[in-house]
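Engineer: Provide a 3D model corresponding to the input given below.
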Amino acid sequence: MLNRWQLATVTQVEEMKLILSIIPIWITSLPFNMSVSETGFFVKQGSIMNRRILSSFEIPSASLFCLVAISMIITVIFYDKILEPFIRRARKSNERGISILQRIGIGMAFSITTMVLAALVERKRLKVADVKKSNAVSMSVFWLVPQFMMMGLSDGFALVGLQEYFYDQVPDNMRSLGMALYFSAIGVANFLGSILITVVDHVTRRRGNSWFAKDLNNSRLDNFYWLLAAINAVTLCVYVYMANRYSYKSVLVGNRVEITNKSEKEFYDDNV
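Structural biologist: Okay, the predicted model is just below:
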């Protein structure tokens, strides 16, 4: 007689296949979350820039993070109320205008743009600081607005998409596991980000000047941003490959199978 460890039901096998199929997406989401975790450097940049609006008022550098929240809210509203309905009308279909994985991929692409913008702005700031030869940089903090807004745009696509993906694509009785996977990706990415900074600091310090010197005017954060952009670009290519091979979870409604992905639905219709 077979015991419970030797025999698995079809349902258990299918649930395990769903969990295993999520792992590649989880791994490829780490560099994006790593980039999000490094936005603290944006605030550090802002702290040595000209933050004065009026003669008696100076913007706190940490308050610049509100731009990310504002941009993210605008992006989510635009996506849900304008972009998604427009694509559905254009396709004359009630299906998703953009699939979950496509939404995440778009957000990852925007994160690369964010790092490129950050690198260009930081390079310009270093040039201004070199001309001034002073810690008091006259470059306005509003130069950082585009990269903060772009990060909010990226979050509106990728972070929201990841949360929806991990909640929707796990088995119905494992919703809590899906949320655990979502938050674990953020936590692991923060840990990996710290390791990356430590490694880069060690390597660059041995070669001369560290990219993370105490004085930002002697640092090379622009190179670090380029490194993050390169890592994200390579990962995005891997992600696109994985996403194209991904099969979305099918849902049984009464006696009818509903599949959220159009290509998967066509395959099912052709073979059933």
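Engineer: looks to me like Tyr239 is in a strand.
Structural biologist: No. Assigned with DSSP: H, G, I helix; E, B strand; the rest coil, Tyr239 falls outside any strand and is helix.
Engineer: from now on call the first residue 494
Structural biologist: In the new count, where the first residue is 494, that last one comes out as Tyr732.
Engineer: isn't it up against Met601?
Structural biologist: Yes. Applying Cβ atoms under 8 Å as the test, Tyr732 and Met601 come out as touching, 6.4 Å apart. In this view, the C-beta of every residue, glycine as well, is placed from N, C-alpha and C.
Engineer: how about the strands in the stretch 644-765 of the chain?
Structural biologist: For the stretch 644-765 of the chain, the strands defined by DSSP state E, counting those that start in this stretch occupy 743-746, 749-752.
Engineer: so where is this protein shaky, pLDDT-wise?
Structural biologist: 494-501, 586-587, 623-631, 743-765 (pLDDT under 70).
Engineer: residue contacts, the residue at minimal distance from the centre of it?
Structural biologist: Centroid check for the chain by Cα atoms, centre = their mean gives Phe525 as the closest residue, at 3.8 Å. By Cβ atoms under 8 Å, 6 or more residues apart in numbering, the contact set of Phe525 is Gly600, Met601, Ser604, Ser647, Ala651, Ala682, Asn725, Thr728.
Engineer: what about it, which helix or strand?
Structural biologist: Taking DSSP states H and E as the definition, Phe525 sits inside helix 523-530.
Engineer: for Ile593, give me its contacts.
Structural biologist: Gly654, Glu657, Tyr658, Asp661, Gln662, Tyr741, Thr753.
Engineer: mind giving me the ChimeraX select for those residues, buried ones only?
Structural biologist: Buried members of these can be picked out in ChimeraX with the line below, counting by 16 or more other Cβ atoms under 10 Å:
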select :654,658,662,741,753
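Engineer: make a markdown table out of the contacts of Ile593 and add distance to Thr697.
Structural biologist: Formatted as a markdown table, the contacts of Ile593 follow (distance: Cβ to Cβ, whole Å):
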| residue | distance to Thr697 |
| --- | --- |
| Gly654 | 34 |
| Glu657 | 38 |
| Tyr658 | 36 |
| Asp661 | 42 |
| Gln662 | 40 |
| Tyr741 | 43 |
| Thr753 | 46 |
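Engineer: next step: the contacts of Ile593 restricted to helices.
Structural biologist: When the contacts of Ile593 are checked against helices (DSSP state H), the matches are Gly654, Glu657, Tyr658, Asp661.
Engineer: closest to Phe579 among those?
Structural biologist: Phe579 lies nearest to Gly654 out of these, by Cβ to Cβ, at 17.9 Å.
Engineer: residue contacts, the closest one?
Structural biologist: Ile593, Leu594, Arg596, Ile597, Gly600.
Engineer: roughly how far apart are the closest residue to Trp636 other than its chain neighbours and Ile566?
Structural biologist: In space, and not counting its chain neighbours, Trp636 is closest to Val614: 5.2 Å by Cβ to Cβ, 6 or more residues apart in numbering. Distance, Val614 to Ile566, by Cβ to Cβ, to the nearest Å: 23 Å.
Engineer: comparing the two, which residue is more hemmed in?
Structural biologist: Neighbours per residue, other Cβ atoms under 10 Å: of Val614 and Ile566, the larger number sits with Val614, 22 against 12.
Engineer: buried residues, stretch 666-685. List them.
Structural biologist: Across stretch 666-685, burial judged by 16+ other Cβ under 10 Å covers Gly671, Leu674, Tyr675, Ala678, Ile679, Val681, Ala682.
Engineer: which of these fall in helices?
Structural biologist: Using DSSP H, those in helices are Gly671, Leu674, Tyr675, Ala678, Ile679, Val681, Ala682.
Engineer: show me where the stretch 594-743 of the chain has its helices.
Structural biologist: Counting by DSSP state H, counting those that start in this stretch, the segments of the stretch 594-743 of the chain that form helices are 638-661, 668-699, 714-737.
Engineer: just want the angle from the second one to helix 714-737.
Structural biologist: Okay, so that is helix 668-699. 140 degrees (axes from the mean of the first three to the mean of the last three Cα atoms, to 10 degrees).
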